[in-house]
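Student: compute the structure for the input listed below.
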Amino acid sequence: MCFRVLAVFFTLFLCVSANIEMADVKEQRICIKFCFKLNKTAAETHQMLKAFGEQALSQARTFEWFKHFKDGWESVEDRKHSGRSSTCTTPEMTAKVREVILEDRRQTIHDVCNRAGLSYRSCQHILADELNMR
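Tutor: The predicted structure is shown next:
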């Protein structure tokens, strides 16, 4: 009986989200929480998420979220991450790259990276996006 209720829920849920090209990850987390509340296993839950097709969460992500709910989480939102602050696009670094370029405009990006102490991607970003030197 419980499986029938779950099947009806997923059928209704997929009908509602069928108009969405890519199934939202948050919706799948809601489904994982629903299955957890019905005492389904993580493996059974992952099998049911295959209804989302190619956009279904991987087994690892399904098991990870199942564990979060088992550990007492109630929210289906990601936790806020402080992340690493961007140090390459500061005004000081942009000025340093401009100074290095103005010393010799014929140098390569690799030369500028070495002299400014930046990664290639960071230097390329400053040159193209901050200084408009393409």
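Student: tell me how the protein divides into domains.
Tutor: Here the domain assignment for the chain is 2-70, 91-130, based on automatic domain parsing.
Student: what residues sit buried inside the last one?
Tutor: When neighbours are counted by 16 or more other C-beta atoms under 10 Å, the buried residues of domain 91-130 are found to be 93-94, 96-98, 100-101, 109, 112-113, 115-116, 118, 122-123, 125-127, 130. Bear in mind the C-beta positions are built from the backbone N, C-alpha and C, glycine included.
Student: in strands, which of those residues appear?
Tutor: Applying DSSP state E to the buried residues of domain 91-130, no entry is found in strands.
Student: now, which of those residues lie within helices?
Tutor: 93-94, 96-98, 100-101, 109, 112-113, 115-116, 122-123, 125 (DSSP state H).
Student: hmm, which two among these are most spread apart?
Tutor: Greatest spatial distance among those (C-beta to C-beta): 115 and 125, at 16.4 Å.
Student: now the domains of the chain as TSV including mean pLDDT and distance to residue 78?
Tutor: Shown next, in TSV, are the domains of the chain (pLDDT from 0 to 100; distance: least, C-beta to C-beta, whole Å):
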stretch	mean pLDDT	distance to residue 78
domain 2-70	78	9
domain 91-130	89	25
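Student: what's the closest of those domains to residue 79?
Tutor: domain 2-70 (9.3 Å).
Student: what's around residue 41, how many residues?
Tutor: 12 (other C-beta atoms under 10 Å).
Student: please disregard the earlier target; I meant residue 45.
Tutor: As a measure of burial, residue 45 has 25 neighbours, counting by other C-beta under 10 Å.
Student: including distance to residue 79, could the domains of the chain go into a markdown table?
Tutor: Putting these into a markdown table (distance: least, C-beta to C-beta, whole Å) gives the following:
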| stretch | distance to residue 79 |
| --- | --- |
| domain 2-70 | 9 |
| domain 91-130 | 27 |
